[in-house]
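Q: Sharing a model that was predicted from the sequence below.
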Amino acid sequence: MYAKIISMTPEDKSKIEELKKSLYSRGAPDIRVKRRLHFSPQEIGDIKTDWEHPKEGNGEADEVISLNKRYEDHSMSFFTKLLIGSFLFFMSALGIGAYLVFNGSNIISANNIDITVNGPITVAGGDPISLEVQVSNKNNIKLETVDMVVNFPVGTIDSVDISKELKEYRELVGDISPGGVGQKTIKAIMYGEENSKKEIIINISYRVAGSNAIFKKQKTYEILISSSPLSLLLSSFKEVTSGQEFEFEVNLSSNSEEIIGNLVLKASYPFGFTFLSSDIKPSNGNTFWKIGDIPPKGKKTIKIKGRLEGQDDEIRAFTFTAGRGGTKNDDAIGTEYISARQEISIRKPFITTQISFEDDNNQGVYVGLFNNAIKAEISWFNNLPVSVIDGEVHIKLSGTAFDKVSVSPGDGYYKSADNEIVWNKMTTSGLGSIGAGENGSVSFSFIPRNLSSTLRPVTNPNILIEVNVQGKRISESNVPESIDSSVKRLIKISSELNLTSSIVRSIGPFENSGFVPPRAEKPTTYTVVWTINNTSNTVTGAEVRALLPPYVKWVGKTNPVGEDIAYNSNTGEVVWRAGNVSTYTTSNNSRVRQAIFQISFEPSVAQIGQVPILVQDTTLSGYDDFTEESLTSTADALTTRFNTDPAFKDRDDAVVP
């Protein structure tokens, strides 16, 4: 679009200047006309809607083109071109589409590849299955190097080698021509829970000529396990009280007509569960059992005892899984057959029962001493909103430190033949009826004793107290319902760790010199003997310490060789780091632990007539591995009175001039 420049004559310019002067003159008349909102038809008809065209033959006017004419010509040209372009694009697209349809192309689509699986939709667990997988190529080009990968669910084994778990199967299908079909047969054996669905995922990968890319297609095939060759049933309480012992029964039953071989069982315990025992010993820790072979229609039961601790109304889940043992790892499941899960809720006990020793109410392990009487108190509290009637308290005592002769049953009836004490409403009136929110207690005492002999010494001695509180409550249907509460508490007996300290001159590994009795300002040597006596439990970290007075010198001789005996000249302290001390280590056997060292004493005249201290009070410390408590023992100070020496005589101890 363009405009042509028209030249002006001097006369035209003069007229324009005159017009400007008249327009901008102060005396110019007011030519403003008031507008009207409405016009008559005649007036509207007189209004021109276009620029006037110059008359033909008017020189330069022939070269002036109406702007409106130019605009109309230009607009018509643009829309015409757009319409023509759209029509040409449509015809081109139509032609290309017709060519692709009738003459073929190299474009490939996964939508033109079908994966068809022919096989059973239900199968009995343990029975072999056969699946025919067909891959159809509906594209117009060949599929090259078609590869099939089949992913099987957990519980699938090889139909040929039943000891091998089948997780993935891969096979080359090969090339598939346009319109062709590739086919493969897959066989396997599947296990699972009854009425469970198993998914088999089939992945097809392929290439096409002229491309390095790998294309994929996937198909999921579902099979319903109509029955299981193995049943796994769990039997236990649905509710337990915190700390209560209970038993789990795991029942394995074969539904197969064939032997189920190399069967293993694995348990998964919740937080707070403590494994106590099982009638079949676990092969790895306390969660794995080797069951072995189960014959057709055979059964196997495992009983597991444990204790569950937690807060009221908490729910804990136990899971057990059975399967074929692994070939590489004997303590693992190679092929999982079936699993079962059971929830147990923790409830507040109907009757809370506690055992207290000497005002110790923490309900943990209590540490006692041989030949020291222990007073026990059994208390109960009724948590029910109703009364408990016909209450009874039964206590069983056992353990390697239990002496039935030492029992004082209090108000209870002691059945010594059964090591049991019983309280009921005849011995204790408060047990006849325990009201809602009411409590009560009974007490008894006993003395732990070391009943072992030198021929059969007992290590880690203990006493176990088992309490069972029984009663009845009236249910909502007015039927008496038995309730009980059980609790146990263990007493560990501390080892007797003792230190003996003595001073000698005529005996021992060293030869002593000097005057006896000691003479002022003259040196006399003595031999110090420390002996550790220990009884029933091993002790670690044993250490003996003592101070030498300033007037006593360390000679530097020690015995036996290998014992860690040291002297600190800055502090005057002698330290024997005995370390580990075995059980029943006394001066009467070959395992005696002793530390022997020599000292020298040179008295001053100020000590004449006195029996001076040579070794101050001695302390033994150690750690009882069984009771997990620290042990200590002390020995009195040693003086010049060496009366443990057979050569000692009266007045051999006082310093003389």
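A: Cool, got the structure.

Q: Rounded mean pLDDT for stretch 302-312, please.
A: Confidence for stretch 302-312, expressed as mean pLDDT, is 88.

Q: Identify all contacting residues around that stretch.
A: Under the contact criterion C-beta atoms under 8 Å, 6 or more residues apart in numbering, stretch 302-312 has outside partners 240, 242-250, 252, 265, 267, 269-280, 289, 291, 316, 344, 346-348. C-betas here are computed from N, CA, C, even on glycine.

Q: Please repeat the previous calculation with a cut-off of 6 Å.
A: 240, 242-243, 245, 247-250, 272-280, 346, 348 (C-beta atoms under 6 Å, 6 or more residues apart in numbering).

Q: quick one: it to chain centroid distance?
A: How far stretch 302-312 lies from its chain's middle: 17 Å, per C-alpha atoms, centre = their mean, to the nearest Å.

Q: which parts of it are buried?
A: 302, 304, 306-310 (16 or more other C-beta atoms under 10 Å).

Q: try stretch 631-641
A: 631, 633, 635, 638-641.

Q: same deal with stretch 436-449?
A: Under 16+ other C-beta under 10 Å, the buried positions of stretch 436-449 are 440, 442, 444, 446-449.

Q: now do the same end-to-end measure for it.
A: Stretch 436-449 has an end-to-end distance of 41 Å (C-alpha to C-alpha, to the nearest Å).

Q: Same question for stretch 184-204.
A: End to end - C-alpha to C-alpha - stretch 184-204 spans 12 Å.

Q: repeat for stretch 607-624
A: Per C-alpha to C-alpha, the first residue of stretch 607-624 is 42 Å away from its last.

Q: residues making contact with it?
A: 494-495, 497, 499, 501, 520, 528, 537, 539-547, 549, 552, 601, 630-635, 637-641, 653-655, 657.

Q: Could you turn the buried ones of those into a PyMOL selection?
A: Buried residues among those (16+ other C-beta under 10 Å), as a PyMOL selection:
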select buried, resi 494+495+497+499+501+520+528+537+539+542+544+546+547+552+601+631+633+635+638+639+640+641+653+654+655
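
Q: What segments of the stretch 401-550 of the chain are strands?
A: 413-415, 420-423, 433-434, 439-446, 462-474, 480-493, 498-504, 524-533, 539-547 (DSSP state E, counting those that start in this stretch).

Q: hey, least reliable of those by pLDDT?
A: For the strands of the stretch 401-550 of the chain, where the average pLDDT is lowest is strand 480-493, sitting at a mean of 86.

Q: Angles on the backbone of the residue positioned nearest the centre of the chain, please.
A: Closest to where the C-alpha atoms of the chain average out (C-alpha atoms, centre = their mean) is Phe271, at 8.0 Å. For Phe271, the backbone dihedrals (degrees, to the nearest 10) come out as phi -60, psi 140.

Q: One more: Asn111?
A: Torsion angles, degrees, to the nearest 10, at Asn111: phi -70, psi -20.

Q: Among the contacts of stretch 302-312, which are located in strands?
A: 240, 245, 247-250, 273-278, 346 (DSSP state E).

Q: so can I have TSV of the residues you listed showing distance to Ile565 and neighbour count?
A: Shown next, in TSV, are the ones in strands among the contacts of stretch 302-312 (distance: C-beta to C-beta, whole Å; neighbours: other C-beta atoms under 10 Å):
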residue	distance to Ile565	neighbour count
Val240	56	21
Glu245	50	16
Glu247	55	15
Phe248	55	22
Glu249	60	13
Val250	58	25
Phe273	49	18
Thr274	44	13
Phe275	46	16
Leu276	46	13
Ser277	47	13
Ser278	50	18
Ile346	55	20
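
Q: out of the residues you listed, which one sits closest to Glu144?
A: For the ones in strands among the contacts of stretch 302-312, the minimum distance to Glu144 (C-beta to C-beta) is 53.4 Å, reached by Val250.

Q: Which residue is the nearest non-sequential neighbour of that closest one?
A: Counting by C-beta to C-beta, 6 or more residues apart in numbering, the nearest residue to Val250 once its immediate chain neighbours are dropped is Ile302, at 4.6 Å.

Q: Check Lys187 too.
A: Closest to Lys187 by C-beta to C-beta, 6+ apart is Ser159, at 4.3 Å.

Q: what residues are up against the one you found?
A: By C-beta under 6 Å, 6+ apart, the contact list for Ser159 reads 128, 187-189.

Q: if we take the residues you listed, which one ends up nearest to Lys138?
A: Closest to Lys138, out of all of the contacts of Ser159 and judged by C-beta to C-beta, is Lys187, at 27.9 Å.

Q: close enough to count as contact, that closest one and Ile129?
A: No - with contact defined as C-beta atoms under 6 Å, Lys187 does not count as touching Ile129 (7.0 Å).

Q: The two: which is more packed in?
A: Ile129 (19 against 13; other C-beta atoms under 10 Å).

Q: Excluding chain neighbours, what is closest to that one?
A: Val123 (5.2 Å).

Q: List the backbone torsions phi and psi for the closest residue to Thr524 other than its chain neighbours.
A: Spatial nearest neighbour of Thr524, chain neighbours left out: Gly514 (2.9 Å); criterion: C-beta to C-beta, 6+ apart. Dihedral angles of Gly514 (phi, psi; degrees, to the nearest 10) stand at phi 110, psi -180.

Q: ok, Gly514 touching Arg505?
A: No - contact between Gly514 and Arg505 fails when scored by C-beta under 6 Å: they sit 8.7 Å apart.

Q: Those two - which one has more neighbours?
A: Ranked by neighbour count (other C-beta under 10 Å), Gly514 and Arg505 place Arg505 first, with 21 against 15.

Q: Look up how far Lys522 lies from the more buried one.
A: 15 Å (C-beta to C-beta, to the nearest Å).

Q: how is this structure carved up into domains?
A: Domain assignment for the chain, taken from automatic domain parsing, gives 110-227, 230-347, 351-493, 498-639.

Q: a markdown table please, covering the ones you listed and showing distance to Gly85.
A: A markdown table is the format used below for the domains of the chain (distance: least, C-beta to C-beta, whole Å):
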| stretch | distance to Gly85 |
| --- | --- |
| domain 110-227 | 32 |
| domain 230-347 | 68 |
| domain 351-493 | 91 |
| domain 498-639 | 95 |
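
Q: Can you tell me which of the ones you listed is nearest to Leu82?
A: That would be domain 110-227 among the domains of the chain, by C-beta to C-beta, at 36.1 Å.

Q: Would you mind measuring the gap between the ends of that closest one?
A: Domain 110-227: ends 37 Å apart by C-alpha to C-alpha.

Q: I'd like the average pLDDT over that domain.
A: 87.

Q: Then stretch 390-400?
A: In this model, stretch 390-400 has an average pLDDT of 94.

Q: ok, which stretches of the stretch 251-400 of the chain are strands?
A: With strands called from DSSP E, counting those that start in this stretch, the stretch 251-400 of the chain shows them at 260-268, 273-278, 288-294, 299-308, 315-325, 333-347, 351-357, 366-368, 374-382, 388-398.

Q: got it, and the stretch 551-657 of the chain?
A: Going by DSSP E, counting those that start in this stretch, the stretch 551-657 of the chain shows strands at 552-559, 564-568, 573-581, 593-601, 613-615, 618-624, 629-635, 638-639.

Q: could these go into TSV alongside distance to Val154?
A: Listed next are the strands of the stretch 551-657 of the chain as TSV, based on distance: least, C-beta to C-beta, whole Å:
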stretch	distance to Val154
strand 552-559	68
strand 564-568	59
strand 573-581	50
strand 593-601	59
strand 613-615	73
strand 618-624	49
strand 629-635	50
strand 638-639	75
